[in-house]
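A.B. asks: have a look at this prediction, sequence included:
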There are 2 protein chains.
Amino acid sequence: MVTRERPTLEAVARRAGVSRATVSRVVNGSTTVAVAIRDAVNQAVDELGYVPNQAARSLVTQRTESIALILPETASRVFSDDMFFPAIIRGVSMELEAADKQLVLMMAGSTASHDRVERYAMAGHVDGVMFASMHGADPLPGTLARLGIPVVCSGRPMTPAELPVPYVDVDHIGGVAVAVRRLLALGRRRIATIAGPQDMVAGIDRLTGYRTALDEAGLAEHVAVGDFTRDSGIQAMRRLLADDPQLDAVFVASDMMAHGALQALKDAGRRVPEDVSVIGFDDFEISRLSDPPLTTVRQPIVDMGRTMARQMLGLVDERTDVPSVVVLPTELVVRASA
Amino acid sequence: MVTRERPTLEAVARRAGVSRATVSRVVNGSTTVAVAIRDAVNQAVDELGYVPNQAARSLVTQRTESIALILPETASRVFSDDMFFPAIIRGVSMELEAADKQLVLMMAGSTASHDRVERYAMAGHVDGVMFASMHGADPLPGTLARLGIPVVCSGRPMTPAELPVPYVDVDHIGGVAVAVRRLLALGRRRIATIAGPQDMVAGIDRLTGYRTALDEAGLAEHVAVGDFTRDSGIQAMRRLLADDPQLDAVFVASDMMAHGALQALKDAGRRVPEDVSVIGFDDFEISRLSDPPLTTVRQPIVDMGRTMARQMLGLVDERTDVPSVVVLPTELVVRASA
DNA sequence: GCCTTACGCTGTACCGGTTAAGTTCGGGCG
DNA sequence: CGCCCGAACTTAACCGGTACAGCGTAAGGC
């Protein structure tokens, strides 16, 4: 493995017969450089195959042109079958690529890796840190923000509002309200819910939306809690059926759990939508293809990623026109299950 | 946003009353440093919250402690519904995290982004580059390897073997052979296949496996080609049925296409497995849950990611005991569809 | 014709670490 | 007692860029 010597600015300068400083100016935005010299330098750059050394550049500019995305789960939990994180990554990646920034991906499931993330950001290895969907009142975003590192979260952070960090979220409550209203319009009156984990804002807000809507209709609530996975949806649906065999509708706080619920309902001999109406939340690809196809509240996950990345780019450029909070709309997608 | 001044080695040295060099030796493996001094330095580090500046370190060590993973697809295609890339990322990430290296994720769908990747690696921003599942005879891995940059591919590269790059792959041909043999054992004789894209080794090898096995049995082949997506599976299955309404089995080169095929068979009024046996390739999570559950050839994707990462770590450490080619076994997982 | 000004380039001091070479000092040995 | 040696630390030379002060030159003003 011949680690070929990479040419330096110095080498280019010698070949073009100018000074390092001039080459530097040409390589960056060539402001106020004579055309003849600029051409000579560019030719030397091409001939030597010169590429600026990022470490040297970062050392003086204090910028790395790369942004971290933290997935606050252990690697094994992140990519089970849920398409949330992949979609976030996709949105973020599109936007960063367009801005010619690099994406550094970090899992941070354990407390140990929390330190790792903090040290990493402190080491100046990235210009900013984005968090995808946090659990509980994670102090890390606040900590980093206090250190002057640009931070953006997907999902409203649960930390006390001492130091507010910018975030992008979707209208959970409004989306759920529309879903529950559809169940009511279908004549359903025993409407249960499978809620998400109550240490995540997405879990809490969707449950709040359900409660509010049911309250308005003067109906009794019926709640089972899952953790957004398919299996937990199966378990929760079984509990709901055991508690109230007469239930005629269920709002499920994630599509993965909704697929579990469909499975459990089928196993219990209930027909969907004839006996029980089911509405999910997410609108993953597979929800079009389930049996029956799932009515669900669509949240624009890729857009969340893009928006988060755009906020971040605004922050690192110290632009003042970046909205620090963005709430994207949700939309009811009606299919066969309700 | 108060960009707090980060303490430098110099500051730590002053506070501990020693020289920069000594602090440096303590911060890295503290070889031959007196205990008293070491403790004093460590205390100063803690008090100041010192974290070494990665750019400065990289500049002199010529190492960045981070590794790139290239997904040779545009961002929008990578995370459609296929779990291949997420699983690779997961495996790679686990292994790199354990080695305290960072993962830089890059999409490289277009030719333009090819240059971006090349320039990025040349700029010394990463210590090595891993490629996930390439199309055609991509010259990029060879180019980088020639420049002395450690490279590992997932999937045997199709480039002419001028400069062989290390890779990890699975036993496509053996796995497919086992699958086809099962179809034969079930008494099937009109066995079709839905092949993967013929510009990818995974597509080519799986088709070869099918052809070989059918050849041995003295049966005629019946091929339709898809591109690993569910939709292409639906289309291909329709063509196969139109060509030979009597077919009694189909080996499908990916689970996503197999799910499409199941859909198309159901639409055409065929029962699985009574009328037609179906075997897929991948063993994604959802294949346990399809109707009927899918018999499939399991490939250990997460392990591929891990193995790839381990090879890479060996290369950057210039260890000589790293196998440059690893072929992982596949395994037939029998469920209801065949 | 001389001085001012602007322009364009060069020289060089950093950025914050690592590491080879140099210095100091205590102890073993002849 | 002097010499030599090694351990433990300091000094200083890089790594490869950026940016700022400075300087030469040509154009412009009077």
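C.D. replies: Okay, I see it.
A.B. asks: which element is residue A:58 on?
C.D. replies: If you go by DSSP states H and E, residue A:58 is part of helix A:54-61.
A.B. asks: again, but for residue A:207
C.D. replies: Judged by DSSP H and E, residue A:207 forms part of helix A:201-216.
A.B. asks: what mean pLDDT does the helix or strand following that helix get?
C.D. replies: Once helix A:201-216 ends, the next helix or strand along the chain (criterion: DSSP H and E) is strand A:223-225. Averaged over strand A:223-225, pLDDT sits at 97.
A.B. asks: partner strands of strand A:223-225 and their direction?
C.D. replies: The pairing partners recorded for strand A:223-225 under DSSP bridges are strand A:191-195 (parallel).
A.B. asks: list the buried ones in the helix holding residue A:58?
C.D. replies: Judged by neighbour count using 16 or more other C-beta atoms under 10 Å in any protein chain shown, the buried positions of helix A:54-61 are A:54-59. C-betas here are computed from N, CA, C, even on glycine.
A.B. asks: can you narrow those residues to ones near DNA strand C?
C.D. replies: By C-beta under 7 Å from any atom of the strand, the members of the buried residues of helix A:54-61 lying near DNA strand C are A:56, A:59.
A.B. asks: show me which positions of the helix holding residue A:207 end up buried.
C.D. replies: A:201-207, A:209-211, A:213-214.
A.B. asks: try stretch A:9-29
C.D. replies: Judged by neighbour count using 16+ other C-beta under 10 Å, the buried positions of stretch A:9-29 are A:9, A:11-13, A:15-16, A:18, A:22-23, A:25-27.
A.B. asks: ok, residue A:180 touching residue A:191?
C.D. replies: Yes. Counting by C-beta atoms under 8 Å, residue A:180 touches residue A:191, with 6.6 Å between them.
A.B. asks: from residue A:178, how far out is the closest residue to residue A:336 other than its chain neighbours?
C.D. replies: Among residues not flanking residue A:336 along the chain, residue A:292 sits closest, at 3.7 Å (C-beta to C-beta, 6 or more residues apart in numbering or on different chains). For residue A:292, the distance to residue A:178 (C-beta to C-beta, to the nearest Å) stands at 20 Å.
A.B. asks: same question for residue A:303.
C.D. replies: 18 Å.
A.B. asks: does residue A:151 really touch residue A:131, like I thought?
C.D. replies: Yes. Residue A:151 is in contact with residue A:131 according to C-beta under 8 Å; the separation is 7.2 Å.
A.B. asks: show me which of those two is the more surrounded one.
C.D. replies: residue A:151 (29 against 25; other C-beta atoms under 10 Å in any protein chain shown).
A.B. asks: got a pLDDT number for the more buried one?
C.D. replies: Residue A:151 is assigned 94 on the pLDDT scale.
A.B. asks: please tell me how far it sits from residue B:99.
C.D. replies: From residue A:151 across to residue B:99, the span is 26 Å (C-beta to C-beta).
A.B. asks: quick one, helices of chain A?
C.D. replies: A:9-16, A:20-27, A:35-48, A:54-61, A:75-78, A:84-98, A:111-122, A:140-146, A:172-185, A:201-216, A:230-243, A:255-267, A:301-316 (DSSP state H).
A.B. asks: going by neighbour count, list what's buried in stretch A:245-259.
C.D. replies: By neighbour count with 16+ other C-beta under 10 Å, stretch A:245-259 contains the buried residues A:247-259.
A.B. asks: farthest pair in the residues you listed?
C.D. replies: Distances among the buried residues of stretch A:245-259 were taken as C-beta to C-beta; the most separated pair is A:248 and A:256, at 22.8 Å.
A.B. asks: separation between the closest residue to DNA strand C within the stretch 201-338 of chain A and residue B:181?
C.D. replies: Going by C-beta to the nearest atom of the strand, DNA strand C is nearest to residue A:316 of the stretch 201-338 of chain A, at 17.9 Å. Distance of residue A:316 to residue B:181, computed by C-beta to C-beta: 57 Å.
A.B. asks: which one of those two has more residues nearby?
C.D. replies: Ranked by neighbour count (other C-beta under 10 Å), residue A:316 and residue B:181 place residue A:316 first, with 18 against 14.
A.B. asks: need the contact list for the more buried one.
C.D. replies: For residue A:316, the contacting residues are A:63, A:67, A:127-128, A:150, by C-beta atoms under 8 Å, 6 or more residues apart in numbering or on different chains.
A.B. asks: ok, residue A:64 touching residue A:101?
C.D. replies: No. The criterion here is C-beta under 8 Å, and residue A:64 misses it with residue A:101 at 9.0 Å.
A.B. asks: any shared contact partners between these two?
C.D. replies: Common neighbours of residue A:64 and residue A:101 (C-beta under 8 Å, 6+ apart) are residue A:127.
A.B. asks: so for these two, which residue has more residues nearby?
C.D. replies: Per other C-beta under 10 Å, whichever of residue A:64 and residue A:101 has more neighbours is residue A:64, with 24 against 20.
A.B. asks: next one: the closest residue to DNA strand C within the stretch 151-300 of chain A from residue A:97, what distance?
C.D. replies: For the stretch 151-300 of chain A and DNA strand C, the shortest gap (C-beta to the nearest atom of the strand) falls at residue A:151, measuring 21.2 Å. Remark: distance between residue A:151 and residue A:97 (C-beta to C-beta) = 21 Å.
A.B. asks: where does chain A dip in pLDDT?
C.D. replies: Chain A contains residues with pLDDT under 70 at A:1-5, A:30-31, A:74-81, A:110-112, A:160-162.
A.B. asks: what residues does the stretch 151-300 of chain A have near chain B?
C.D. replies: Counting by C-beta under 8 Å from any C-beta of the partner chain, the stretch 151-300 of chain A comes close to chain B at A:230, A:259, A:263, A:284-286, A:289, A:291.
A.B. asks: list buried residues within these.
C.D. replies: Among those, those that count as buried by neighbour count (16+ other C-beta under 10 Å) are A:230, A:259, A:263, A:284, A:286, A:289.
A.B. asks: as TSV, those with distance to DNA strand D would be great.
C.D. replies: Output for these, formatted as TSV (distance: C-beta to the nearest atom of the strand, whole Å):
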residue	distance to DNA strand D
A:230	50
A:259	51
A:263	57
A:284	44
A:286	47
A:289	50
